[in-house]
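Q: mind looking at a prediction? Sequence and model below.
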Amino acid sequence: MIEVYSMQNCPYCEELKGLLKGEDIEFTEVDINDPANKEESDMVFKITKVDSVPIVKVGKQLLAPDVSFTSIKDAFDLTKRFMV
């Protein structure tokens, strides 16, 4: 299961989601600005120690910008690598 923590009007988020869709990789989008997702988003930010998106959760693995990847292409490649 893949979850992409993102926000509306984020060009990096849109780029990553576009790459995933382009390869028919299913994912769930978690809008960090939706109050229904606040607790979950806060937990992910606390664990990753970042405050930017997109953050990708692949199974139990969290991929965060400037920690796990430095470009959206890297994020995409890592996501594919961690897929089971």
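A: Right, received. Where do you want to start? As the structure is a computational prediction, the values presented were derived from the model and not from experiment.
Q: distance between the helix or strand harbouring Tyr12 and the chain's centre?
A: Secondary structure assignment for Tyr12, by DSSP states H and E: helix 11-22. Distance of helix 11-22 from the chain centroid (C-alpha atoms, centre = their mean, to the nearest Å) equals 10 Å.
Q: contact partners of it?
A: If you take C-beta atoms under 8 Å, 6 or more residues apart in numbering as the criterion, helix 11-22 is touched by 2, 4, 6-7, 27, 29, 53-54, 56, 65, 72-73, 75-76, 79. To be clear about C-beta, it is placed using only N, CA and C from the backbone, and glycine gets the same treatment.
Q: with stretch 43-62 instead?
A: Counting by C-beta under 8 Å, 6+ apart, 1-7, 10, 12-13, 16-17, 32, 63-68, 72, 75, 78-79, 82-84 sit against stretch 43-62.
Q: in the protein, which spans are strands?
A: With strands called from DSSP state E, the chain shows them at 2-6, 28-31, 55-58, 61-63.
Q: just these: most buried one?
A: strand 55-58 (a mean of 23; mean count of other C-beta atoms under 10 Å).
Q: could I have the CA atoms of that strand written out in CSV?
A: What follows is strand 55-58, C-alpha atoms only, in CSV (Å, rounded to 0.1, in the frame of the first residue of the first chain):
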residue,chain,number,x,y,z
ILE,A,55,6.1,12.3,1.9
VAL,A,56,5.6,8.8,0.7
LYS,A,57,4.6,5.8,2.8
VAL,A,58,5.3,2.4,1.2
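Q: report the rounded mean pLDDT for that strand.
A: Taken as a whole, strand 55-58 has a mean pLDDT of 98.
Q: just checking: what are the partner strands of it?
A: Applying DSSP bridges, strand 55-58 is found paired with strand 2-6 (antiparallel), strand 61-63 (antiparallel).
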